[in-house]
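Undergrad: With the sequence up front, the predicted model follows.
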Amino acid sequence: MAAVQECFISAPGKSILHGEHAVVHGKVALAVALNLRTYLRLQVASSSQVSISLPNINTFLCWDLRELTAIADGSTDTRSMAVLAFLYTYLCVFSESEVLPGLKVCVWSELPTGAGLGSSAAYTVCVSAALLTARGTISSPLTHSQESARWSEQELELINSWAFQGEKIIHGNPSGVDNAVGTWGGFLRYHAGKITPLSKVPTLRILLTNTNVPRSTKLLVSRVKDRINQYPTVMIPVLESVDAVSRICECTLAEMATEGASAKHYSTLEDLIDINQQHLNVMGVGHEALNTLCQLTLAHGLHSKLTGAGGGGCAITLLTPETGECVVRDVIEDLKKLGFDCWETSIGSPGVLMHSPTSLTHSVIHILNKY
Ligand SMILES: Nc1ncnc2c1ncn2[C@@H]1O[C@H](COP(=O)(O)OP(=O)(O)O)[C@@H](O)[C@H]1O
Ligand SMILES: C[C@@](O)(CCOP(=O)(O)O)CC(=O)O
Ligand SMILES: [Mg+2]
C-alpha cells in the first residue's frame, strides 16, 4: 500500500455508563463515544529526526534517528507514558522498514487528560492509525472529494490492537474498552474482549462534570486489583453485582428504544447509577469531591456516578425528560461554584477518522500547524 506523506486523524473520548474497573476483571461494560476528540497531524520529514509535540501536556521532543536504539522503560509520569507509547508504536510499526522515516507529529486534544474520559485511548488510537497509515500497512481511506473517511473493518481491528498495546504502556492492565470506543465510536457493550455495538439505544441526555481532581488510571486499576487480592470473598460479589448492573442497564436501554421511554425506565436507570456509585466507593476508587458532586446533584433530584477510573476526574449525571431546563441551569451553576467544570454532552460520536485539512475547524488546524 502507498504510504502517505501527511495525514490528519482524530479519535473520540468516551464515557463508561457502567462497568469501569469490573471490565478489567472480565465483567460487562457499557461505554459511549463523546463529542470531544483528540486530533493528530503527521508529516513525513526529509530530515533524519522524529519529533513529537504534545501541547496538552507541554511536551515537545525531538530525536536524532541514529540515537533511537534502546528506550528505557519503567517511568509512570504523564510525559514518559505518552512519549513511550508513541515511541513504542513507532519503532514496532516501522521495525521491518529498511530505514526509520523522519516524522513530525503533533497531537492535541479537546479532552481533559487524566480525567476518566479515555484521553489515553483517544491518543493511542490516533497514534496507531497515523503510524500504520504512514507505514502503508493500512490504506489512506480519504479520497479527494471527502471531508473525512474511515478505514475498513479489518484495518480498524489493526488500529485497535496497536492502540491496545499503547494503552498497556499508559494503563498497565487495560481492559481494552476505551481503545474499542476510540476506534469504533458509537455505543458499545464490551465483555472479555468481545465488542458489540448497541443498536437499540434511546437518546440519552447526560451532564458531564470534571471535578478537576487529578488521578492516574494505572494506579487506580492496580489499587482495585490489590483490594480484590486482599478481600476476594468480599470483592468478587461486588464485581458480579456491577456486571448485573450493566446487564440490566443494557436491557432497560433496549426496552426504552423499542417500546418508548417511560418514567419507570428512567427510575431504573437512576437506581442503577446510585448502586454502581456505591460499588465504586467500595472498590476504593471514590473521592470526596465525587461524593460532594453526587450529593449536590441529588439535592436537585438528579443521579450521578463517577465515570472512568475514578479517584477524582469526571462524573456523569443522567437528565430525564422530567428534568426542567431551570434545574439543569441551577445544577451547572452550583457545580461550577465548587470549582468543577460542567457541560451537557452529546454521545455516540464516530470512532477514528481521517480528515482533509480543510474539514477541520480553524482552531484545531491552528494548533496542529503551530507546533
Ligand atoms: N492529548 C494528549 N497528549 C499527550 N498525552 C496524552 C494526551 N491524552 C492522553 N495522554 C496520555 O494519557 C495519560 C492519561 O491517561 P489516563 O490516566 O488513562 O486518563 P484518561 O484516559 O482518563 O484521560 C496522560 O498522562 C498522558 O500520558
Ligand atoms: C478503570 C477502567 O475500566 C477505565 C479507565 O478509563 P480512564 O482511563 O479513566 O478514561 C480501566 C480499563 O477498562 O482499562
Ligand atoms: Mg485512560
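TA: Cool, the structure landed. Because the structure is predicted, anything quoted here is derived from the model rather than measured. Ligands and ions are numbered 1, 2, ... in the order given.

Undergrad: interface residues of the stretch 151-300 of the chain facing ligand 1?
TA: 170-171, 216-217 (CB under 6 Å from any ligand atom). The way it works is simple: take the backbone N, C-alpha and C, and place the C-beta from them, glycine included.

Undergrad: how about the helix ranked longest in the chain: buried residues?
TA: Ranked by residue count, the top helix of the chain under DSSP state H comes out as helix 232-259. Buried residues in helix 232-259, counting neighbours by 16 or more other CB atoms under 10 Å, are found at 235, 238-239, 241-243, 245-250, 252-253, 255-256.

Undergrad: for those, which one is nearest E147?
TA: Minimum distance to E147 across those is 31.1 Å, recorded for L253 (CB to CB).

Undergrad: So for the closest one, what's the pLDDT?
TA: Note for L253: predicted pLDDT of 97.

Undergrad: need the contact list for it.
TA: 30, 198, 200-202 (CB atoms under 8 Å, 6 or more residues apart in numbering).

Undergrad: Where do the helices of this protein begin and end?
TA: Under DSSP H, the chain gives helices at 78-93, 119-135, 153-171, 177-184, 217-230, 232-259, 263-282, 288-299, 325-337, 362-370.

Undergrad: As CSV, those helices with distance to Q5 would be great.
TA: Shown next, in CSV, are the helices of the chain (distance: least, CB to CB, whole Å):
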stretch, distance to Q5
helix 78-93, 16
helix 119-135, 8
helix 153-171, 19
helix 177-184, 24
helix 217-230, 35
helix 232-259, 44
helix 263-282, 46
helix 288-299, 46
helix 325-337, 45
helix 362-370, 15
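
Undergrad: Tell me which of those sits nearest to ligand 2.
TA: Distance to ligand 2, taken as CB to the nearest ligand atom, is lowest for helix 217-230 among these, at 3.6 Å.

Undergrad: and that closest one with helix 78-93, angle?
TA: 90 degrees (axes from the mean of the first three to the mean of the last three CA atoms, to 10 degrees).

Undergrad: average pLDDT for helix 217-230?
TA: 97.

Undergrad: for it, packing partners?
TA: helix 153-171, helix 232-259 (3 or more CB pairs under 8 Å, 6 or more residues apart in numbering; DSSP states H and E).

Undergrad: among those helices, which is nearest Y190?
TA: helix 232-259 (9.4 Å).

Undergrad: From the chain's centroid, how far away is that closest one?
TA: Computed by CA atoms, centre = their mean, to the nearest Å, the chain-centroid distance of helix 232-259 equals 21 Å.

Undergrad: just the angle between that helix and helix 217-230, please?
TA: Using the same axes, to 10 degrees: helix 232-259 against helix 217-230 is 120 degrees.

Undergrad: Helix 232-259 close to ligand 2?
TA: No. Helix 232-259 lies out of reach of ligand 2 by CB under 6 Å from any ligand atom, never closer than 10.4 Å.

Undergrad: Please determine whether stretch 77-96 lies in contact with ligand 3.
TA: No. Stretch 77-96 stays clear of ligand 3 (CB under 5 Å from the ion), getting no nearer than 9.9 Å.

Undergrad: Renumber starting at 4 from here on
TA: Taking 4 as the first residue, the last one we looked at is stretch 80-99.

Undergrad: In that stretch, which of the residues would be classed as buried?
TA: Buried, per 16+ other CB under 10 Å, within stretch 80-99: 81, 83-94, 96-97.

Undergrad: Pull the residues that contact stretch 179-191.
TA: 14-17, 19, 22, 26, 32-36, 121, 123-125, 127-128, 159, 162-163, 166-167, 169-170, 193, 196, 198-201, 204, 350-355.

Undergrad: count of residues packed around the residue of the chain found nearest ligand 3?
TA: Going by CB to the ion, ligand 3 is nearest to S123 of the chain, at 3.3 Å. Burial of S123 is recorded as 30 neighbouring residues (other CB atoms under 10 Å).

Undergrad: does it really touch I172, like I thought?
TA: No. Contact criterion CB atoms under 8 Å: S123 and I172 do not qualify, at 9.1 Å.

Undergrad: Which neighbours do those two have in common?
TA: Contacts common to S123 and I172, judged by CB under 8 Å, 6+ apart, are 84, 88.

Undergrad: Tell me, what's the model's pLDDT at S83?
TA: Per the predicted model, pLDDT is 83 at S83.

Undergrad: by how many degrees do the longest helix of the chain and helix 266-285 diverge?
TA: Using the same axes, to 10 degrees, helix 235-262 lies at 160 degrees relative to helix 266-285.

Undergrad: returning to that earlier point: now for the contacts of L256, which sits with the most neighbours around it?
TA: These, ranked by neighbours (other CB under 10 Å): first place L33, 24 neighbours.
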